[in-house]
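>>> Just to be clear, the model below is a prediction. Sequence and coordinates:
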Amino acid sequence: MEKHFDIYVNGSRQARKYAWSFAVNEGPAMIHMTSGEGKNPQALAMKNGAGEIEAVLKALKWLKKQHASSATFHYDYEGVKKWANGEMEPENDFVRQYVELISPELSWLEFVKKDVKR
């Protein structure tokens, strides 16, 4: 049985900390949501994207536990997709680790940019 999930990732950064979150939809229903504070020192040094990157990595672990057959990540920070598919070069070890973990999974993952009004 095919299991497709839509994953909505978000992140934020403020002073010396960053946060991550993701929500999971299966069809129209939200079935899971979680968040946390990031602690990676290299991620803390980034100006943007650390929280969303960590959210994708946390969601990927969740997806594997669910034996997902496909998933769509909805994101707003361009690096989420561009680092994954090689359009942008990783800027530090945190991003290199993201690329190493996400690249082998691209055959069953899709990335869709969402517009966020601020």
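Here it is on my side, so go on.

>>> Could I get the buried residue list for the lowest-mean-pLDDT helix or strand in the chain?
Every helix and strand of the chain was ranked by mean pLDDT, DSSP states H and E. The lowest is helix 41-45, at a mean of 88. Neighbour counts over helix 41-45 (16 or more other C-beta atoms under 10 Å) mark A43 as buried. Backbone N, C-alpha and C define where each C-beta goes, glycine included.

>>> before we move on, what about stretch 14-31?
Residues of stretch 14-31 classed as buried: Y18, A19, W20, S21, F22, A23, V24, N25 (neighbour count, 16+ other C-beta under 10 Å).

>>> How about stretch 84-102?
For stretch 84-102, by 16+ other C-beta under 10 Å, it's A84, F94, V95, Q97, Y98, V99, I102.

>>> With stretch 109-118 instead?
Quick answer for stretch 109-118 (16+ other C-beta under 10 Å): L109, F111.

>>> to the chain's geometric centre, what's the distance from stretch 1-12?
Taking C-alpha atoms, centre = their mean, to the nearest Å, the mean C-alpha location of stretch 1-12 is offset from the chain mean by 9 Å.

>>> per-residue confidence averaged over it?
If you average the pLDDT over stretch 1-12, you get 94.

>>> Restricted to strands, list the buried residues of stretch 14-31.
Y18, A19, W20, S21, F22, A23, V24, N25 (DSSP state E).

>>> Check what pLDDT the second one gets.
The pLDDT attached to A19 in the predicted structure is 95.

>>> still on that earlier bit, go through the buried residues of stretch 84-102 and name the one nearest S12.
Closest to S12 out of the buried residues of stretch 84-102 is F94 (16.3 Å), distances taken as C-beta to C-beta.

>>> Would you verify that the closest one is located in a strand?
No. F94 sits outside any strand when classified using DSSP: H, G, I helix; E, B strand; the rest coil, being helix.

>>> returning to what we had before: which of the buried residues of stretch 84-102 sit farthest apart?
Maximum distance among those (C-beta to C-beta): 13.9 Å, for A84 and F94.
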